[in-house]
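Student: Using only what follows, build the 3D model:
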Amino acid sequence: MIDNQNTIVVIPARMASTRLPGKPLADIHGLPMIVHCWKRAVEANIGQVLVAAAEVEIADVVRAHGGDAIVTNPALPSGSDRIAEALSLRDPNRRFEHVVNLQGDLPTIDALSIRRCLAGLVNEVADISTIAALIEREEDVANPNIVKAIAPLSDEREVAFARDFLRRVGPQHQPPFWHHIGVYAYRRPILEKFVELPVSPAEAERKLEQMRAMENGMRIVVVRVDTVPLGVDTPHELETARRMLRKS
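Tutor: You can find the predicted model right below:
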């Protein structure tokens, strides 16, 4: 059973973004972007919410807005590693059994998508759950920057196990295609095992961290959601997020 008491949402954040330096503190209508993400996680109401910050200034901002944050080693190579360290520091007694990894650059994500990601772990044989939305435009299918979750989802089937994750689809792949959204729910032992594994061949080739899980026999379930949140990586995307979140 997935209980709010044993679930935590952890949001990794660091200042050293190549294309948008200081990204977590970028202002969106008077609130730093990381605070918007924290608010979306709180709205999901699935458990405690913790920001795993690489720098003290991120943690200070989150705390100033009423959130919970912990400072982690800035040299950690990935968000997954940052989340694992934050858990080991905050919860050495292992109260939390389910961990949701919510990226700190998704200020427009809706709370339902976060809840649906966690709900994928209701399937007892799933190790990891993630989410995806239907790709409706051909140009998005062809775009290698949009990762496709290959899974037998449909209007009638909302949950299915992932068969692959690809940047480019070939003639052997049949539509519909699903836009993978990089939000994950882990069973805690799986997360701890994952961060100890070396980078896998497909992970290195495709620049997709989830391939490490796939190539090590971890079972990833994909849950269908209705919308793709805007990932903010550039000044242009930041302006788009400001427009989307403009108060009426």
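Student: Next, name the residue at the spatial heart of this structure.
Tutor: By C-alpha atoms, centre = their mean, the mean C-alpha position of the chain lies nearest to Val183, the distance being 2.3 Å.
Student: Which of the helices or strands spans the closest residue to it other than its chain neighbours?
Tutor: Nearest non-adjacent residue to Val183, counting by C-beta to C-beta, 6 or more residues apart in numbering: Cys117, 5.0 Å away. From N, CA and C alone the C-beta is placed, and that goes for glycine too. Assigned by DSSP states H and E, Cys117 belongs to helix 111-119.
Student: Give the buried residues for that helix.
Tutor: For helix 111-119, a neighbour-count test (16 or more other C-beta atoms under 10 Å) marks Ser113, Ile114, Arg115, Arg116, Cys117, Leu118, Ala119 as buried.
Student: what do you get for stretch 153-160?
Tutor: Residues of stretch 153-160 classed as buried: Leu153, Val159, Ala160 (neighbour count, 16+ other C-beta under 10 Å).
Student: Would you format those as CSV with pLDDT and distance to Thr130 included?
Tutor: Formatted as CSV, those follow (pLDDT from 0 to 100; distance: C-beta to C-beta, whole Å):
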residue, pLDDT, distance to Thr130
Leu153, 96, 12
Val159, 97, 11
Ala160, 97, 11
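Student: and the residue sitting furthest away from the middle of the chain, what element?
Tutor: Most distant residue from the mean C-alpha position of the chain: Pro171, 29.0 Å away (C-alpha atoms, centre = their mean). Using DSSP H and E, Pro171 is not contained in any helix or strand.
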